[in-house]
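In: I'd like to go over a predicted model; first the sequence, then the structure.
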Amino acid sequence: MAYRDLVRGWHEGTLATDKGDWDSALKIFSSIEEPSSRIYFNIGCVHLLTGNHEGALQAFDKTVTKDNHLAVGYFQRGFVCLQLEMYEEALYDCNMALSHLRNNPFIDYKQLGLRHVLYAWEVLYNTAAAQCQLGLWQEARVTLEDSLRQGPEGRTPSLDVALERVQEHLFLEPIHVPLGKFFRPRKEEVEQLDSKDFLGKPKVISSVIPNDEYIGFEPLRPQSSTCGPRPRTPSGNDDSGYCRVLTHYYPEDSEELVVKGSTVVFVLTKGTDGWATAIHDGQKLRIPTSHLEPVPAPTHSSSVPVLSQNVRNGIPLPPVKVPPSRPHLQGGSVGHPSPQTSVGHPSPPKRWTFVHYQCPCTVQVNEALALSDLRSLLRETLGQQAEHGKLSCRLADGQESVVISGDEELGKMWQQVTDGPLTLWCQGTDACSDRPVLYRMVAHHSYTAQRPEDLEFSEGDTLDVLSEVNEEWLEGHCNGHFGIFPKCFAAQ
């Protein structure tokens with residue numbers, strides 16, 4: 001429960017006691033979640049006012065349990081025990097109250113909200129009252145004499161009368177905190193319950209960002225010395241590429257991620273709402289497009305130093321070393337000099353080259369055709385390798401290819417095609433047979449190739465990792481293509 005709500009209920013309960021509405025006061029105090037020892041003390045005092053000693057005893061039990069150093073709590077519980085004829089428990093509570101006075105003549109509880117001063121002689125008086133009920137008259141007389149010594153300077157007539165009653169073996173009437181005394185919240189805390197909002201709720205009046213609803217403070221943006229905007233760097237994809245952040249930016253959906261000014265980030269997409277999706281420090285975030293300035297793609301050069309050979313807060317740069325070359329077929333013949341080649345200039349050696357090609361083929365079949373019959377038909381049309389190829393299908397609204405491994409998957413593909421032919425992809429199972437697949441990953445973001453050696457893929461594609469170029473770039477295979485790609489765009 002919030003402390004503000006606790007103070008509100010506490011204050012409403014004390015207002016009910018001032019009106020004498022004991023039932024409402026008990027209801028309000030009891031409705032407070034996780035009440036403190038002072039709330040339980042007030043509940044016990046209300047029970048005393050209504051004559052419910054059993055309820056008061058339970059409330060004072062919780063009071064000293066919450067705060068086992070509250071001397072006035074033990075004092076009040078000792079009084080209730082005397083009323084319930086629990087004399088040994090009353091004697092114990094009086095001794096506990098006296099010990100928590102710590103040899104002080106009194107304790108003023110005004111700072112805690114109770115306008116009452118608990119004196120040591122009052123505790124000794126109730127101690128003597130409990131001793132009288134237990135038949136310890138000699139101990140009661142000694143206790144009262146000690147009470148007289150710790151009493152006020154002017155001898156209290158009631159103590160003299162009490163000493164005479166003990167000498168005559170007459171019982172004493174115990175004393176207690178005056179009825180109507182309660183712990184109250186501080187005046188400053190009560191006044192802050194209904195604090196006024198002089199500034200009101202802020203709202204966006206005008207912004208250069210379309211559909212901007214961000215409310216906060218932003219530093220001054222740097223002004224350009226030129227008349228027009230800085231020209232964009234030409235790129236194959238107008239939405240994605242490297243950009244520099246003009247000012248510090250603190251995303252609302254992240255408390256730890258901070259994008260500092262002059263940081264280079266990689267922009268994945270730019271929306272029509274004035275916001276862009278970018279990669280910063282390996283994390284995906286949304287940033288206003290007005291904070292971004294396109295920059296050329298960083299390149300490695302021996303004359304231009306690069307910080308740690310990567311962009312620290314964007315996607316990694318292409319690796320310094322050349323990606324692993326494709327394996328070559330052993331045993332290739334070496335070319336002989338041609339007639340046009342002079343003897344002094346030998347021709348370079350010849351090597352085998354694998355060429356991967358794709359060609360469309362239209363086959364008219366029956367929907368009830370089994371998968372085995374379909375493969376036989378493909379063998380007659382395309383060749384023997386087509387019979388053992390991997391068949392897959394990608395629907396118009398799908399992101400990932402569905403592999404057809406049986407008649408059931410083939411039937412489902414026919415059911416999902418409402419109009420037009422069924423388009424299948426036949427890929428050789430030995431597409432990566434010459435390269436061992438280390439493991440497979442799933443693309444979490446679409447990646448557009450920035451260089452010819454890059455591997456382009458879409459979100460949801462399965463990537464076959466063939467080698468680890470460095471800590472940030474991998475070489476892989478996807479949809480019949482080979483290339484390198486940033487590791488942070490996919491996950492296992």
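Out: Received, thanks.

In: and residue 133, how many neighbours?
Out: The burial count assigned to residue 133 is 18, neighbours taken as other Cβ atoms under 10 Å. C-betas here are computed from N, CA, C, even on glycine.

In: Surely it is in contact with residue 82?
Out: Yes: judged on Cβ atoms under 8 Å, residue 133 makes contact with residue 82 at a distance of 7.2 Å.

In: Need the residues touching each of these two.
Out: residue 90 (Cβ atoms under 8 Å, 6 or more residues apart in numbering).

In: who's in contact with the helix or strand hosting residue 244?
Out: When secondary structure is defined by DSSP states H and E, residue 244 falls within strand 241-245. For strand 241-245, the surrounding residues in contact (Cβ under 8 Å, 6+ apart) are 233, 235, 259-267, 276, 278, 287, 291-298, 311, 314, 450.

In: Identify the neighbouring strands of the next helix or strand along the chain from it in the sheet and state each direction.
Out: Moving toward the C-terminus from strand 241-245, the first helix or strand encountered (DSSP H and E) is strand 264-270. Paired strands of strand 264-270, with direction, are strand 241-245 (antiparallel), strand 275-280 (antiparallel) (DSSP bridges).

In: Which helix or strand lies directly C-terminal to the helix or strand hosting residue 484?
Out: Under the criterion of DSSP H and E, residue 484 resides in strand 481-486. Of the helices and strands lying after strand 481-486 in sequence (DSSP H and E), the nearest is strand 490-491.

In: could you give the mean pLDDT of that following strand?
Out: If you average the pLDDT over strand 490-491, you get 88.

In: Need the residues that contact that strand.
Out: Strand 490-491 is touched from outside by 441-444, 463, with contacts defined as Cβ under 8 Å, 6+ apart.

In: Just the buried residues from the residues you listed, in PyMOL please.
Out: Selection of the buried residues among the contacts of strand 490-491 in PyMOL, burial being defined by 16 or more other Cβ atoms under 10 Å:
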select buried, resi 441+443+463
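
In: Tell me which two of the contacts of strand 490-491 sit farthest apart.
Out: The largest separation in those, counting by Cβ to Cβ, is between 444 and 463 at 10.7 Å.

In: Please tabulate the contacts of strand 490-491 in CSV and include distance to residue 491 and secondary structure as additional columns.
Out: Formatted as CSV, the entries for the contacts of strand 490-491 read as follows, by distance: Cβ to Cβ, whole Å; DSSP: H, G, I helix; E, B strand; the rest coil:
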residue, distance to residue 491, secondary structure
441, 6, strand
442, 6, strand
443, 9, strand
444, 6, coil
463, 10, strand
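
In: now the contacts of strand 490-491 in CSV, with pLDDT and distance to residue 139?
Out: Rendered in CSV, the data for the contacts of strand 490-491 read as follows (pLDDT from 0 to 100; distance: Cβ to Cβ, whole Å):
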residue, pLDDT, distance to residue 139
441, 91, 85
442, 91, 84
443, 90, 87
444, 87, 82
463, 91, 90
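
In: contact partners of the biggest helix by length in the chain?
Out: Here the longest helix in the chain is taken by residue count, with DSSP state H as the criterion, and it is helix 3-18. By Cβ under 8 Å, 6+ apart, the residues outside helix 3-18 that reach it are 22, 24-25, 28-29, 31-36, 39, 42, 46, 180, 182, 184-185, 189-190, 193.

In: Buried members of these into PyMOL, please.
Out: Selecting the buried subset of those in PyMOL, with 16+ other Cβ under 10 Å as the burial test, is done by:
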select buried, resi 25+28+29+32+35+39+42+46+182+184+185+189+190
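
In: Please narrow the contacts of helix 3-18 to those residing in strands.
Out: The subset of the contacts of helix 3-18 located in strands under the criterion DSSP state E is empty.

In: Distance of residue 415 relative to residue 408?
Out: With distances taken as Cβ to Cβ, to the nearest Å, residue 415 is found 11 Å from residue 408.

In: Same check on residue 44?
Out: Plainly put, residue 44 is 74 Å away from residue 408 if you go by Cβ to Cβ.
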